[in-house]
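>>> can you look at this prediction? I've put the sequence above it.
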Amino acid sequence: MSLWTSSDIAAATCGSASADFAVSGIAFDSREVGQGDLFVALKGEATDGHRFLDQCFAQGAAGALVSVATDYPHVLVEDTATALDALARASRTRTQAKIIGVTGSVGKTGTKEALFAALERGARAQAHRSVKSYNNHTGVPLSLARMPADTRFGVFEMGMNHAGELAALTRIVRPHIALVTTIAPAHTAFFSGEEAIADAKGEIFQGLEPGGTAIVPFDSPHRDRLIAAATPYAGQVVTFGSGVGADVRAIEAMPVSSGGTFVTARLDDREVSYTISQAGAHWVSNTLAVLAAVRAAGGDLALAGLALAELEGLAGRGARFTIRRGGGEALVIDESYNANPASMRATLAVLGQEKTARKLVVLGEMRELGDDSDAYHAALAEPLRAAGVEAGILVGKSMAPLANVLEGQGDFVHVADAAAARERLRALLAAGDAVLIKGSNGVGLSAVVAALRSGIG
């Protein structure tokens, strides 16, 4: 079945179709266009998607959304970005799916993926979610426009780094369920403090459908602020956490030999036991939020538990693999996609639980932390010590304060960039080690991970 026909696209975008065609997918990155896709030719500051029409049709595109006429099958509109928003709204209007929106300072991508897996387990081929971290003003509309009409559950990640951004996104998504994972220092260069971050995250509730459900972290110091933000828009507010009084509460959490956690959770008068494949207290919290959302969406909690047990680590967000080193193996924990103070502490705690000969880190600088950046970086010394980390490579200019604190305390070196980190790690990593690789995406530590995977690191 087609995702969209050219006449559907034209009607949704107030455009004009040059020919009859049907598409099975949508992309705005020319490198991702495949057979049967609609290519959305966006115009940006650096480039113009119309330049890549030849490439996209050579790759199998069935049509294009353009603002400049072309000989290829297309729908012509005044502005392709505005048209993509319109197509997203049309997708949202035509579906009967339960829609869940996910945001938070930490854990939103992992929670989105876990929630999708939990819902998809009981709705094969009828659950949909935003891929990768498509959570901004272009990624969210693209993810919505990609949603098949017969979808039963749609899960959409929404991010922001300025006030007002989530308010705009949530009114496009119009979720039945809106979930905030946690509030923590992130993008603090653009906010006056955590309260302002909580207010910005709380904007997600403004798009709730009438009678919708708001899900908020019970253990957060900003819980009451989030509840106040949700109350004018939500039919009900559900809390999750470990504290007494949480609506969805972990009453037991025990590490298991596989590295995950066995959890018993109480949902009002019902108890659910399940195993999480991922390690760490933050994943316990994430799965409580997932259970709250599954229940609110009318999903199957038992099947959700099975899905959580089988959930694999995501590339850049907890994926694990081993590599040969000398006469043995070393464990690599890939957290290279992003970093902020809270996620750094959480993943260092996970590293601390590893039963390995030596614990190492490659830590990239945390960006967009504003005037408090030096203090946030220096404060990582404490969780490093608590985790028993003996050696590490600190990457980027902003890591200088941490390097100063750690001087003389173990084998830590400060380098300028990912390329230098890769060379240092090649000499440092040995059989029996576990190494955590984590930093803001712009640092480029994914290249270090890729080199290790390919055997050249």
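That came in fine, so what should we check first?
>>> how far away is the closest residue to residue 316 other than its chain neighbours from residue 317?
Leaving aside its chain neighbours, residue 316 sits nearest to residue 337 (3.0 Å; criterion: C-beta to C-beta, 6 or more residues apart in numbering). For glycine as for every other residue, the C-beta is placed from the backbone atoms N, C-alpha and C. As judged by C-beta to C-beta, to the nearest Å, residue 337 and residue 317 stand 5 Å apart.
>>> same check, this time on residue 367
According to C-beta to C-beta, residue 367 stands 17 Å off from residue 317.
>>> residue 414 too?
Residue 414 is 25 Å from residue 317, by C-beta to C-beta.
>>> which element, helix or strand, includes residue 39?
Per DSSP states H and E: residue 39 is located in strand 37-40.
>>> can you give the strand pairings for that strand, parallel or anti for each?
strand 25-27 (parallel), strand 63-66 (parallel) (DSSP bridges).
>>> what are the ranges of the helices in the stretch 251-400 of the chain?
Ranges of helices in the stretch 251-400 of the chain, per DSSP state H, counting those that start in this stretch, are 281-297, 301-310, 341-352, 373-378, 381-386, 400-406.
>>> domains in the protein, by residue range?
Using automatic domain parsing, the domain ranges for the chain come out as 4-79, 95-310, 319-454.
>>> deepest-packed of these, please.
Of those, the one with the most neighbours on average (mean count of other C-beta atoms under 10 Å) is domain 95-310, at a mean of 21.
>>> re earlier: C-alpha coordinates for the very next helix or strand once past the strand holding residue 39, CSV please?
As assigned by DSSP H and E, the chain's next helix or strand after strand 37-40 is helix 53-58. Taking C-alpha atoms only, helix 53-58 is exported to CSV below (Å, rounded to 0.1, in the frame of the first residue of the first chain):
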residue,chain,number,x,y,z
LEU,A,53,17.0,15.9,-7.5
ASP,A,54,19.1,14.0,-10.1
GLN,A,55,20.7,12.0,-7.4
CYS,A,56,17.5,11.3,-5.6
PHE,A,57,15.7,10.0,-8.7
ALA,A,58,18.7,7.9,-9.6
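>>> show me what helix 53-58 is packed up against.
Judged by 3 or more C-beta pairs under 8 Å, 6 or more residues apart in numbering; DSSP states H and E, helix 53-58 is in contact with strand 37-40, strand 63-66.
>>> mind listing residues that contact the first one?
Pointing back at strand 37-40 there. Here strand 37-40 makes contact (C-beta atoms under 8 Å, 6 or more residues apart in numbering) with 3-4, 9, 23-28, 30, 33, 49, 52-53, 56-57, 60-65, 80, 83-84, 142.
>>> now do 7 Å
With contact meaning C-beta atoms under 7 Å, 6 or more residues apart in numbering, strand 37-40 is reached by 4, 23, 25-28, 30, 33, 49, 56, 61-65, 80, 84.
>>> cool, and the last one?
With C-beta under 7 Å, 6+ apart as the contact definition, strand 63-66 has outside contacts at 6, 9, 21, 23, 38-41, 50, 53, 56, 70, 72-77, 80, 83.
>>> how does it look with 6 Å?
Strand 63-66 is contacted by residues 6, 21, 23, 38-41, 72-76, 80, 83 when judged by C-beta atoms under 6 Å, 6 or more residues apart in numbering.
>>> of the residues you listed, just say which sits nearest to residue 375.
Nearest to residue 375, judged by C-beta to C-beta, of the contacts of strand 63-66 is residue 40 at 42.3 Å.
>>> tabulate the CA atom coordinates of the strand or helix carrying residue 93 in CSV.
Under the criterion of DSSP H and E, residue 93 resides in helix 80-94. This file holds the C-alpha atoms of helix 80-94, laid out as CSV (Å, rounded to 0.1, in the frame of the first residue of the first chain):
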residue,chain,number,x,y,z
THR,A,80,8.7,23.1,1.0
ALA,A,81,9.2,23.5,4.7
THR,A,82,5.7,24.9,5.2
ALA,A,83,4.4,22.1,2.9
LEU,A,84,6.1,19.4,5.0
ASP,A,85,4.3,20.8,8.1
ALA,A,86,1.0,20.7,6.3
LEU,A,87,1.6,17.1,5.2
ALA,A,88,2.4,16.2,8.8
ARG,A,89,-0.9,17.8,10.0
ALA,A,90,-2.8,15.9,7.3
SER,A,91,-1.2,12.6,8.5
ARG,A,92,-2.2,13.4,12.0
THR,A,93,-5.7,14.2,11.0
ARG,A,94,-6.3,11.0,9.0
